[in-house]
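S.K.: Sequence and predicted structure, then a few things I'm wondering about:
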Amino acid sequence: MVTHVIEKNPSDERGTLLAFVEAQRGGLRRALLGLSEEQAAATPSASELSLGGLLKHVAETEHNWVRMAQQLPPEIERTMATWSDSFRLTESESVAGTLAYWDRVAEETERFIRSVDSLEQTFPLPEAPWYPPTSQVSLRWLLLHLVEEIGRHAGHADVIRESLDGKTAFELVAEAQGAPGQG
C-alpha cells in the first residue's frame, strides 16, 4: 500500500474500517490525476479495462452494496445486456462527473455505517449462483468487502496508469500532496 491509514481512535472500529475504504478509493482517484478524458478511456493493456471504466465500476458497486445493506433496490440495475456499460464511461459521462457521483456515494456509505446500531447487523444477499442460498452478511463484512473490491481495482488502475504514461502510484501520491517538482 502506497499510503498509510492512520487509526485515529483504536476503539472506533467503524472509523478505522471507513478509513481503509477511503484509502483504497484514494488509490483509484489518484490514478486519474491529470489525465484527459481520452487517456481515462484508453485500454493500454491486454485487458479491456480503462481508468474511467474502473472508476465508474467501483462507484456503482459501492453504491449497490450500500443499497443492498439498506435493503433498498439498486439505483442502477445492470443486466447481461448492460453489464459492460458498468466498465466504461458512456458519451454522456465524464471523469469529473463520475468522481462527483462517487463522492456522494462515499458520503452515503459513511452516513449509513455511522447510523447503524452495530456492525454485526446483517442483511440478506440476493439470490445468485455465486452466493449460498439464504446468505446473510454483516455490515463489518460489507466494509471489508469494499476494501477488497476497491483495492483490487485500485491495483488494476496502478498498472493501467503506469502503462499510459509511466507514472507510478508513489509519484501520484507525491503529486496529489503537491510535492515540489511534481505535476
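M.R.: Perfect, I can see it now.

S.K.: make it CA atoms for all contacts and neighbour counts henceforth
M.R.: Fine.

S.K.: Can you identify the element that follows the longest helix seen in the chain toward the C-terminus?
M.R.: If you go by DSSP state H, the chain has its longest helix at helix 139-165. Scanning forward in sequence from helix 139-165 by DSSP states H and E, the next helix or strand is helix 169-176.

S.K.: That next one packs against which elements?
M.R.: Helix 169-176 is packed against helix 13-31, with contacts defined by 3 or more Cα pairs under 8 Å, 6 or more residues apart in numbering; DSSP states H and E.

S.K.: list the helices and strands the helix it packs on packs on?
M.R.: helix 51-69, helix 95-115, helix 139-165, helix 169-176.

S.K.: got a list of contacts for it?
M.R.: When contacts are defined by Cα atoms under 8 Å, 6 or more residues apart in numbering, helix 13-31 is touched by residues 3, 5-10, 51, 55, 99, 110, 113-114, 119, 143-144, 146-147, 150-151, 153-155, 157-158, 161, 169, 172-173, 176.

S.K.: Quick one: residues in contact with the helix or strand just after it.
M.R.: Going down the chain from helix 13-31, the next helix or strand is helix 37-41, by DSSP H and E. Contacting residues not belonging to helix 37-41 are listed as 32, 50-53, 88-89, 94-95, 164 [Cα under 8 Å, 6+ apart].
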